[in-house]
Every structure is written in structure tokens, then in C-alpha cells.
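S.K.: okay, here's the prediction I keep looking at, along with the sequence it came from:
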Amino acid sequence: MKSIFLIERQGVNTTFQDKGRFGFQHLGIPPSGSMDNFLSQVANKLVGNNLDQAVIEFAYQGPLLKLNSGTAHVSIAGNVKFEIIKKNGKSSEGLSNSSFYLEEGDKLDITSTVKSIYGYLAVEGGFSLKKVSESYSTLLKAKIGPNKGEKLSNKQEIFFYGTKNNKNKRILFEKEENEIIRVIEGQQADYFSKKSIDDFYSKEYKVTNLIDRMGARLEGSKLENIKSPNIKSEGISKGSIQVPGDGQPIVLLSDHPTIGGYPKIANVITADYDKLVQKTPGSKLKFKLVNLFVAENAFQDYIKKINIL
């Protein structure tokens, strides 16, 4: 028998996500997937799920959920404030990066993320969803994914398999919170003056308010293009840093367009992508150039960190 959550408050940008939708960029469909892949996998590990199971991703404020039917073994991953409200009205503060049980009539109020943007919720057994183009991820701009490609909304019911085979668990881990974001050189790095290259790697950039799942516009030292502000449109990867005519970098994120016509000065390495996407507006960051060997080793360390959780 399936359990049911009722959404009493939808939260901000609350969607179903998973590891991503791969193999469709030639059709104009980006990978999407959880913005912070590490935390989404923590959420699934906490309740004993396969790491490919869908999670609920929320930004800044999460949903208020009432367990209308059944039982639920739930996890919350991230730097998140939330309350568990029992059906008798008693409430207690929740503990992030841990799992807990809810009984019919209980509520879960995810009030906010702390010094970060994204948090994740998983349920043991997984949500009752059908994959779209081989993924549970939601691409809002194209309305692709479960829930008709839409955000979760007020008064909506969420069905899931309310299994309870695993004990409550907490996972302790360290995530780097410094401002250094490692990158490899971009395909059009030679489009920029030597001074601009030096500035890009030595000066701070600020994350502006123009940030979403598609990209993040940065503000800082203007980058001088010495060739052309445009290129023939070509394929783009997640983490590409484009520089349009105004000289201010744009980092392309999980829902990025699949082609673009601005020169790319660098590309964020996979191991530092999660750290980047959690930077709130006003945060400062600095880029550090590394070679492919360092990037590959950092990726292997990143995978090991997930596997030993």
C-alpha cells in the first residue's frame, strides 16, 4: 500500500530530481538532475535507497508536508532547518543529514536552508513516479519530467512506497566551504587579454541575484575580449563559464542550454560543482586553474567520498 504526503506549502522551486538525464543533448535537452549531486545521494543513502532514486529538491525554503496516509522513513540532506510536528501538536527541531520516521497525521515543515541554496528530501522505497526520457529529473523550462515537468504545488498529493526496513541513520561528513572553485581552461581562453586572464584567476567574483538552475551571473573584474565577443554556436557542458560582451562571466548550471555562442574562458571541474551551486547571492568566490590530471583525480576522490558514506 502506498503512503501519501499532502503539500500544505510548496516551498521554493520544489521539484523531483535524480542524477540527471544523459544522452539527449543532441536533441536540445540538458542533463538537469540534482544541483548538489553529493547531497542528493546522501539523502538516498540515509534511507537505504538505490542512489538512482528520485529525491525532492528545494531551494531556500522547502515544503510543508502532511503525511495523510501510511508511514514514512524520511531523510533531509543539506544545511537545512526543519521541524517535525506530531499529530498531537508537539513539535521538535529536526537534525539535518539524518533520517527519521513519520506516522499518519504527522507534519514535516522545512523552513529554510542555511548559508546555502539547495536541500534534499528522500523517502525509503522511493516516490511513485515514471521516468521521462530515462530520468526522474524535472526540466522546468521545457516541462520535461515527472509531475508533467512542473514544480510541486500546494494541495498536491505525493505518492510513495512507505517501506520501513531500515533504521534511523545520521551521516557525518565535511563539505569544503571555502571560496576557491577549481576550473580547467576553456576552449576560447585565448580570446581574452593576458591581463584579463590574470584578473580572472587572482581577483574575487561575486554571485549576483541572477542565479537559477540554468546559470549564475557573476560580477567582478571586466574581462577584455581581444578577438570577438561571439563565436559560432557550439555544444556546452555543465560548468562552462561563458563571457558575453559586457565582460562579466556566466557559469552555466544543470539546466543550461545545450549550445551557446559566447567564448568560454574556463569550465568548473565536477568535484567543485556542488560547492559552486550552493553559493548564495552576494557570496564571493575565486577561480583556480588546474590541469586535467588534477581534475580527474579530484573527481575520483569525490566518487570515493560518496561511496564510503
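M.R.: That came through, no problem. Numbers count the residues shown, from 1 in each chain.

S.K.: list the contacts of F24.
M.R.: S133 (C-beta atoms under 8 Å, 6 or more residues apart in numbering). The way it works is simple: take the backbone N, C-alpha and C, and place the C-beta from them, glycine included.

S.K.: just the pLDDT at it, thanks.
M.R.: Looking at F24, its pLDDT reads 95.

S.K.: tell me the phi and psi of it?
M.R.: phi -120, psi 10 (degrees, to the nearest 10).

S.K.: what sits closest to the residue nearest to the spatial centre of the chain if chain neighbours are left out?
M.R.: The chain has M35 as the residue nearest its centroid, 1.4 Å off, counting by C-alpha atoms, centre = their mean. Excluding the flanking residues, the one nearest M35 by C-beta to C-beta, 6 or more residues apart in numbering is V277, at 4.5 Å.

S.K.: I158 too?
M.R.: F5 (4.2 Å).

S.K.: how many other residues sit next to the one you found?
M.R.: 28 (other C-beta atoms under 10 Å).

S.K.: which strand or helix spans it?
M.R.: strand 2-9 (DSSP states H and E).

S.K.: which other helices and strands contact the next helix or strand after that strand?
M.R.: Note on strand 2-9: by DSSP H and E, the next helix or strand toward the C-terminus is strand 15-17. The helices and strands touching strand 15-17, judged by 3 or more C-beta pairs under 8 Å, 6 or more residues apart in numbering; DSSP states H and E, are strand 55-59.

S.K.: give the buried residues for the strand it packs on.
M.R.: By neighbour count on 16 or more other C-beta atoms under 10 Å, the buried set for strand 55-59 is V55, I56, E57, F58, A59.

S.K.: in a markdown table, list these along with pLDDT.
M.R.: Compiled in a markdown table, the buried residues of strand 55-59 are given as follows (pLDDT from 0 to 100):
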| residue | pLDDT |
| --- | --- |
| V55 | 98 |
| I56 | 98 |
| E57 | 98 |
| F58 | 98 |
| A59 | 98 |
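
S.K.: TSV for these, including distance to K305?
M.R.: TSV is the format used below for those (distance: C-beta to C-beta, whole Å):
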residue	distance to K305
V55	18
I56	23
E57	20
F58	23
A59	24
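
S.K.: one step back: so who does the residue nearest to I158 touch?
M.R.: The contact partners of F5, taken as C-beta under 8 Å, 6+ apart, are L65, K66, L67, N68, A72, E157, I158, F160.

S.K.: just how off-centre is the helix or strand where D109 lies within its chain?
M.R.: Assignment of secondary structure by DSSP H and E places D109 within strand 107-113. Centroid separation for strand 107-113 versus its chain: 18 Å, with C-alpha atoms, centre = their mean, to the nearest Å.

S.K.: list the buried residues for the helix or strand encompassing F299?
M.R.: F299 is part of helix 292-307 when elements are defined by DSSP H and E. Neighbour counts over helix 292-307 (16+ other C-beta under 10 Å) mark A295, Y302 as buried.

S.K.: so for it, what's the average pLDDT?
M.R.: The model assigns helix 292-307 a mean pLDDT of 95.

S.K.: C-alpha coordinates for it, CSV please?
M.R.: Output of helix 292-307 as CSV, limited to C-alpha atoms (Å, rounded to 0.1, in the frame of the first residue of the first chain):
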residue,chain,number,x,y,z
LEU,A,292,43.1,17.7,-16.5
PHE,A,293,45.1,15.3,-14.4
VAL,A,294,44.2,17.2,-11.2
ALA,A,295,40.6,17.5,-12.2
GLU,A,296,40.4,13.7,-12.9
ASN,A,297,42.0,12.9,-9.5
ALA,A,298,39.6,15.3,-7.7
PHE,A,299,36.7,13.5,-9.4
GLN,A,300,37.9,10.1,-8.2
ASP,A,301,38.2,11.5,-4.7
TYR,A,302,34.7,12.9,-5.0
ILE,A,303,33.3,9.5,-6.0
LYS,A,304,35.2,7.7,-3.2
LYS,A,305,33.7,10.2,-0.7
ILE,A,306,30.2,9.2,-1.9
ASN,A,307,30.9,5.5,-1.9
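
S.K.: can you name every helix or strand that that helix contacts?
M.R.: Under the contact criterion of 3+ C-beta pairs under 8 Å, 6+ apart, helix 292-307 touches helix 37-46, strand 180-185, helix 270-277.
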